[in-house]
Each structure stands twice: as C-alpha cells, then as structure tokens.
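> My questions are about this predicted structure, shown below with the sequence.
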Amino acid sequence: MSVNRTQLVAAIADKANLTKVQADAALAAFQEVLIESLAAGETVKVTGLFSVERVERAARTGRNPQTGEQINIPAGFGVKISAGSTLKKAVAK
C-alpha cells in the first residue's frame, strides 16, 4: 500500500489545520526548494526525518539487456536519501 500525492495533501491539510489548496501549495513549494537545492549541489536535511544529497556517479561499462552488447555509461549524478533517527524508529515499531 502506498500514499499518493492527493492522499498526502489531504493528510497534511488535516494535521496542520490547512485547506487542501494551502497544503498542496506548501508541498509544491517544498518540492521546488528540494529540487533547486539538489541542482545547486546542496544537501537538504530535515532533522530526524531524512537527508537528501546529490552524489556523483563515475563512468562505467554496462550491458544492453536486450542484445548483451557492452555499452559505456557516462559519468553523471544521482540522488542519495538517508533516513533520520525519528523515521528509523517509526519504521522499526
């Protein structure tokens, strides 16, 4: 089971005593700030919940799964998400 954006917005609105429109705007703003920060190479930390950082991936050799042919995968960036202590405790229960 998973929570989609609509359900998340409704839950935030209920918990924070906001309208769904306000909660959706807050979630959209959080998403925008997160994307802008990661694009600038900054780490985003929400203490106790999680931290998100941009990581470099080295160039490597891969294999085309359809043909088995070797391919070169160029260097690039990825995203690393680490759970915070509060989140880890909540999941462990």
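In hand now; what should we look at?

> For Val91, which residues are in contact?
For Val91, the contacting residues are Ala83, by Cβ atoms under 8 Å, 6 or more residues apart in numbering. C-betas here are computed from N, CA, C, even on glycine.

> Show the subsequent helix or strand relative to the longest helix anywhere in the chain.
Longest helix in the chain, counting residues (DSSP state H): helix 20-39. Using DSSP states H and E, the next helix or strand after helix 20-39 towards the C-terminus is strand 44-46.

> pLDDT (mean, whole number) over the longest helix of the chain?
Mean per-residue pLDDT for helix 20-39: 97.

> Excluding sequence neighbours, find me the nearest residue to Ala38.
Actually, residue 38 is Leu. It isn't Ala. Arg54 (4.9 Å; Cβ to Cβ, 6 or more residues apart in numbering).

> What is the neighbour count of the one you found?
Neighbours of Arg54 under the rule other Cβ atoms under 10 Å: 16.

> Show me what it is bridged to.
Here Arg54 sits in beta bridges with Val79, as judged by DSSP bridges.

> dump the residue contacts of it.
So Arg54 contacts Leu38, Ala39, Gly41, Thr43, Phe77, Gly78, Val79, Lys80 (Cβ under 8 Å, 6+ apart).

> cool, Ala25 as well?
If you count contacts by Cβ under 8 Å, 6+ apart, Ala25 has none.

> Distance of it relative to Thr61?
Distance of Ala25 to Thr61, computed by Cβ to Cβ, to the nearest Å: 45 Å.

> Give me the below-cutoff pLDDT ranges for the protein.
Nowhere does the chain drop to pLDDT under 70.

> switch to 90 and redo it
For the chain, residues meeting the criterion pLDDT under 90 lie at 1, 93.

> which non-adjacent residue is nearest Ala16?
Ala23 (6.6 Å).

> Repeat that for Ala75.
Nearest residue to Ala75 in three dimensions, chain neighbours excluded: Ala59, at 4.3 Å (Cβ to Cβ, 6+ apart).

> Would you confirm that the one you found contacts Ile71?
No - shown here, Ala59 and Ile71 do not form a contact pair, counting by Cβ atoms under 8 Å, at 11.3 Å.
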